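Peer 1: coords below, sequence missing:
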């Protein structure tokens, strides 16, 4: 300050002398040159004023600019705590004045650096002022950035996403925790299992304010001058540090923790499943909302430099992206089990969906590493999905439980596999890309006979057709565990019908075709006929007239009594046993009862009509003709309900 004041006094004295002598401008310059020879402190002023009045104006502007810089830097460099208030805290006028002063200093340093004979002392003063100004601007840039960062909470994030067409399908399918723990209950019931829903789908990037819009202009004004002054590294570092912390906080809000690969692999499945779901949502929100927002913000703040714009964006977002990718990598190399497949496919689809966004956002050379890592994780998740799918195929082929279910119900493995397959269809596009269409998995001639001729099967169609065929063979082996052949047919009807309905009522129908459904329904009808023969053949033999003879001889009556007794015993045994058998499908259960009624009741009614009168007058008539045809018809309604029913003290009606 003393140097400047001294120069001002000397300059004022010279001007006063010139004025008093009434000398022209040229004389003024000569006088100043003479006076400056007495005080070398004025040599820098001479340099500033080269070129006449323009130089004088520049010199005055420099002195004024230097005063503004120093006024806002009472503590000097590195002593921000003792500095005066920021120009941006004072008023917009103060901020504008400060920026104008910085511009003047920048221009002077640029001009002096061009001049080979520029005075080193004035250059030092200008650089010192510029250094003070940059330190001040760096602090102000930091404070403006922090003060104007828009807080991001979970409701705001999801709220903006809902506006951007993020949808969560409401339908899902329950499957077991893993292949070994099959679901025992029907779809949608209670039991051990989880409800799998596809991950959200997001269309287009959604704009959210990351910084209050009015502050962006201030940040850009500071960034422009720091870049022009060669302080782009400091500006970029301040920006990246602040925004990086914001993104890390967003990941925490979205439920994404910073976990090592070892930590991820130690998490038990149900907890991991929740983390995977949150990760799927997070990567879409981060990329399509936050990263696009950060890219836009960098373009606005650092428009002065393409290089700084790209570097700032990469440095800001790289840590957040790598944290997400590390989790994806940990899942990809984790232990494979069938229950993980759908969530892995969800993660694969999520990464595949945002890959073009990554390539757009990190198109510069500085972002090449990020894109490479995204591709590595995508490949790893794809390989994990295929490996897990093959594990499931092998599990179905190797399933050899020897437990015959009471009542011939739908086997848990049937439910598990078909629900699993039905879910797989939702991922047909991804699986067709990932699954090798090798000859090893080409359909057999028998399998081809079951599908519509001329159909070209996709890789996933081939694999699912093979899986269902394997399941059918497995069920056929399990049916042999039943000693009662009639129950064997009930078991086969229940299970194959369940498979057919899953195919018919899902996208599997489009993969396997209507011919497959017709052929399997035909097989169920054959088992239906076989059941009637196996279950009711013996009872119907009792209603034949063979051996009775004519008339009312004692021998004929004894044979007739035996036939009625045998029929009653057969019917009661069938009733006792088959009321415990379970046919879950209402239509199949009704069809079985109708077919039994059509086969048994006419034969019984005719037999009672021909021979029942012989017992009407006897003391024990009800002992032989115990049931009327209506009784039988009513009792048939109790079959296949899966609950015990007793025929105690039944009295013959209407005789």
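Peer 2: Received it, and whenever you're ready, just let me know what you need. Everything quoted here is computed from the prediction, not taken from an experiment. Numbers count the residues shown, from 1 in each chain.

Peer 1: and stretch 396-404, what's buried?
Peer 2: 396, 399, 404 (16 or more other CB atoms under 10 Å). Every C-beta, even on glycine, is put in place using the N, C-alpha and C of the backbone.

Peer 1: who's in contact with it?
Peer 2: 179, 413, 417, 467, 470-471, 474, 478, 481-482 (CB atoms under 8 Å, 6 or more residues apart in numbering).

Peer 1: could you do stretch 479-491 as well?
Peer 2: Residues contacting stretch 479-491 (CB under 8 Å, 6+ apart): 402-405, 407-409, 411, 475, 478, 492, 527-528, 530-531, 534-535, 577-578, 581, 583, 640.

Peer 1: looking at it now, give me its mean pLDDT.
Peer 2: The average of the pLDDT scores along stretch 479-491 is 95.

Peer 1: report the buried residues of it.
Peer 2: For stretch 479-491, a neighbour-count test (16+ other CB under 10 Å) marks 479, 482, 486-491 as buried.

Peer 1: next: stretch 218-237.
Peer 2: 218-219, 221-229, 231-232, 234-236.

Peer 1: for residue 257, give me phi and psi.
Peer 2: For residue 257, the backbone dihedrals (degrees, to the nearest 10) come out as phi -90, psi 160.

Peer 1: ok, and the closest non-adjacent residue to it?
Peer 2: Nearest residue to residue 257 in three dimensions, chain neighbours excluded: residue 275, at 7.5 Å (CB to CB, 6 or more residues apart in numbering).

Peer 1: shouldn't residue 152 be in contact with residue 245?
Peer 2: No - between residue 152 and residue 245 there is no contact under CB atoms under 8 Å: 12.0 Å.

Peer 1: and the two? Which one has more around it.
Peer 2: Higher neighbour count among residue 152 and residue 245: residue 152, with 22 against 14, using other CB atoms under 10 Å.

Peer 1: next one: residue 245 from residue 257, what distance?
Peer 2: The gap separating residue 245 from residue 257 is 16 Å, by CB to CB, to the nearest Å.

Peer 1: er, residue 146 actually
Peer 2: Noted for residue 146: a distance of 25 Å to residue 257, by CB to CB.

Peer 1: same thing with residue 493?
Peer 2: To residue 257, residue 493 is 50 Å away according to CB to CB.

Peer 1: between the two, which has more neighbouring residues?
Peer 2: Higher neighbour count among residue 493 and residue 257: residue 493, with 24 against 13, using other CB under 10 Å.

Peer 1: after the helix or strand that one falls within, which helix or strand is next?
Peer 2: Following DSSP states H and E, one finds residue 493 within helix 485-504. Reading on from helix 485-504 to the C-terminus, the next helix or strand found by DSSP H and E is helix 508-512.

Peer 1: average pLDDT for stretch 213-229?
Peer 2: According to the model, stretch 213-229 has a mean pLDDT of 92.

Peer 1: and that stretch, how far out from the chain middle?
Peer 2: How far stretch 213-229 lies from its chain's middle: 38 Å, per CA atoms, centre = their mean, to the nearest Å.

Peer 1: what does it contact?
Peer 2: Applying CB under 8 Å, 6+ apart, the contact partners of stretch 213-229 are 88, 95, 99, 102-103, 106, 109, 130, 133-134, 137-138, 140-141, 144-145, 147-148, 211, 232, 234-235, 239, 297, 300-305, 308.

Peer 1: what's the ChimeraX line that selects buried ones from these?
Peer 2: Of these, the buried ones can be selected in ChimeraX as follows, counting by 16+ other CB under 10 Å:
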select :88,95,99,102,103,106,109,130,133,134,137,138,140,141,144,145,148,211,232,234,235,239,297,300,301,302,305,308
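
Peer 1: from the contacts of stretch 213-229, which land in helices?
Peer 2: Counted as lying in helices by DSSP state H, out of these, are 88, 95, 99, 102-103, 106, 109, 130, 133-134, 137-138, 140-141, 144-145, 147, 232, 234-235, 239, 297, 300-301, 308.

Peer 1: that older thread, farthest-apart pair in the buried residues of stretch 479-491, please.
Peer 2: 479 and 486 (11.4 Å; CB to CB).

Peer 1: and the closest residue to residue 352 other than its chain neighbours, what does it touch?
Peer 2: Nearest residue to residue 352 in three dimensions, chain neighbours excluded: residue 378, at 6.1 Å (CB to CB, 6+ apart). Neighbouring residues of residue 378 by CB under 8 Å, 6+ apart: 348, 351-352, 355.

Peer 1: quick one: which of the residues you listed is nearest to residue 569?
Peer 2: Nearest to residue 569 out of these is residue 348 (CB to CB; 62.3 Å).

Peer 1: name the helix or strand for that closest one, please.
Peer 2: helix 341-361.

Peer 1: just the buried positions in the very next helix or strand once past that helix, please.
Peer 2: On the C-terminal side of helix 341-361, the nearest following helix or strand under DSSP H and E is helix 368-398. Within helix 368-398, the residues that count as buried by 16+ other CB under 10 Å are 370-371, 373-374, 377-378, 380-382, 384-386, 388-389, 392-393, 395-396.

Peer 1: which secondary structure element is home to the most centrally placed residue in the chain?
Peer 2: Among the residues of the chain, the one closest to the centroid is residue 280, at 3.1 Å (CA atoms, centre = their mean). Take DSSP H and E as the rule and residue 280 turns out to sit in helix 269-285.

Peer 1: just checking, what packs against that helix?
Peer 2: Secondary-structure packing of helix 269-285 (3 or more CB pairs under 8 Å, 6 or more residues apart in numbering; DSSP states H and E): helix 154-163, helix 306-332, helix 341-361.

Peer 1: wait, a strand at residue 546?
Peer 2: No - under DSSP: H, G, I helix; E, B strand; the rest coil, residue 546 falls outside any strand and is assigned coil.

Peer 1: got the confidence number for it?
Peer 2: Looking at residue 546, the pLDDT reads 78.

Peer 1: so what's the residue count around it?
Peer 2: Under the neighbour criterion other CB under 10 Å, residue 546 is assigned a count of 8.

Peer 1: what distance do you get for it to residue 538?
Peer 2: Between residue 546 and residue 538 the computed distance is 14 Å (CB to CB).

Peer 1: just residue 133 next, same as before
Peer 2: 107 Å.

Peer 1: quick revisit: and which of the contacts of residue 378 is nearest residue 601?
Peer 2: Using CB to CB, residue 348 is the member of the contacts of residue 378 that lies nearest residue 601, at 58.6 Å.

Peer 1: touching, the closest one and residue 382? I think so.
Peer 2: Yes - checked against CB under 8 Å, the pair residue 348 and residue 382 is within contact range at 5.6 Å.

Peer 1: so residue 580 belongs to a strand, correct?
Peer 2: No - counting by three-state DSSP, residue 580 is located in no strand; its state is coil.

Peer 1: near it, how many other residues are there?
Peer 2: 18.

Peer 1: ramachandran coordinates for it?
Peer 2: Per-residue torsions, residue 580: phi -90, psi -20 (degrees, to the nearest 10).

Peer 1: let the chain start at 58 from now.
Peer 2: Sure, I'll start counting at 58 from here, so that last one is residue 637.

Peer 1: ok, now which ones touch it?
Peer 2: By CB under 8 Å, 6+ apart, the contact set of residue 637 is 463-464, 699-701.

Peer 1: same thing but 6 Å
Peer 2: Counting by CB atoms under 6 Å, 6 or more residues apart in numbering, residue 637 touches 464, 701.

Peer 1: now it: how far from residue 696?
Peer 2: Counting by CB to CB, the separation of residue 637 from residue 696 is 9 Å.
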